[in-house]
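Enquirer: Just need the structure, nothing else, for what follows:
(2 chains)
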There are 2 protein chains.
Amino acid sequence: MNVKEKFGRRVRELRQGLGSSQEKFALQIDMDRTYLASIESGKRNVSLENINKIARGFNITLSELFKYVDTEDE
Amino acid sequence: MNVKEKFGRRVRELRQGLGSSQEKFALQIDMDRTYLASIESGKRNVSLENINKIARGFNITLSELFKYVDTEDE
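Expert: A predicted model of the protein is given here:
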């Protein structure tokens, strides 16, 4: 699993942990729902500003967002 | 200070902590030196794959790389 896939999985888990839908969370962080969906599917090479937007949406630090997204298995 | 600037500062501090030059570290992670310089200057909206490349160059996790790069003060 590459870093995009691991990051996407982490985002999905955090969102589901909040009981939020893709529609709802995307709206909350002012991101297109289809873009959020493609991030969660591991298809996007997300930029730092969008990563930050996601962290703020979850109200966690960037360090916390990257927990379990390690740098192995590339 | 925005997230790009905070990330750049963190990268610079880690690199200097290794006693490595921009030239040397950029070569090590297969990145253009001027691109690394612009990241360190906080000018780049770095992508996840390049962030991962940097973390691997420092031999640390992504979570560790983002330590002290919090999500405040945007």
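Enquirer: The closest residue to residue A:33 other than its chain neighbours: which element?
Expert: Among residues not flanking residue A:33 along the chain, residue A:26 sits closest, at 4.2 Å (C-beta to C-beta, 6 or more residues apart in numbering or on different chains). No exception for glycine: its C-beta is placed from N, CA and C like everyone else's. Secondary structure assigned from DSSP states H and E places residue A:26 in helix A:22-28.
Enquirer: what does chain A put close to chain B?
Expert: A:3-4, A:7, A:44-49, A:51-52, A:55-56, A:60-67, A:69-71, A:74 (C-beta under 8 Å from any C-beta of the partner chain).
Enquirer: how about residue A:12, what does it touch?
Expert: By C-beta atoms under 8 Å, 6 or more residues apart in numbering or on different chains, the contact set of residue A:12 is residue A:40.
Enquirer: can you tell me which helix or strand it belongs to?
Expert: Going by DSSP H and E, residue A:12 is in helix A:3-17.
Enquirer: how about that helix: buried residues?
Expert: Of all the residues in helix A:3-17, those buried under the rule 16 or more other C-beta atoms under 10 Å in any protein chain shown are A:3, A:4, A:6, A:7, A:8, A:9, A:10, A:11, A:12, A:14, A:15.
Enquirer: That helix - what's its average pLDDT?
Expert: The average of the pLDDT scores along helix A:3-17 is 97.
Enquirer: Could you list the alpha-carbon positions for that helix in PDB?
Expert: The C-alpha trace of helix A:3-17 is given here as PDB (Å, rounded to 0.1, in the frame of the first residue of the first chain):
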ATOM      1  CA  VAL A   3       1.400   6.600   0.900                       C
ATOM      2  CA  LYS A   4      -1.600   7.900  -1.000                       C
ATOM      3  CA  GLU A   5      -3.600   4.800  -0.200                       C
ATOM      4  CA  LYS A   6      -2.500   4.800   3.500                       C
ATOM      5  CA  PHE A   7      -3.400   8.500   3.800                       C
ATOM      6  CA  GLY A   8      -6.800   8.000   2.200                       C
ATOM      7  CA  ARG A   9      -7.600   5.100   4.400                       C
ATOM      8  CA  ARG A  10      -6.700   7.200   7.500                       C
ATOM      9  CA  VAL A  11      -8.900  10.000   6.300                       C
ATOM     10  CA  ARG A  12     -11.800   7.600   5.700                       C
ATOM     11  CA  GLU A  13     -11.400   6.100   9.100                       C
ATOM     12  CA  LEU A  14     -11.300   9.400  10.900                       C
ATOM     13  CA  ARG A  15     -14.400  10.600   9.000                       C
ATOM     14  CA  GLN A  16     -16.300   7.500   9.700                       C
ATOM     15  CA  GLY A  17     -15.200   7.800  13.300                       C
END
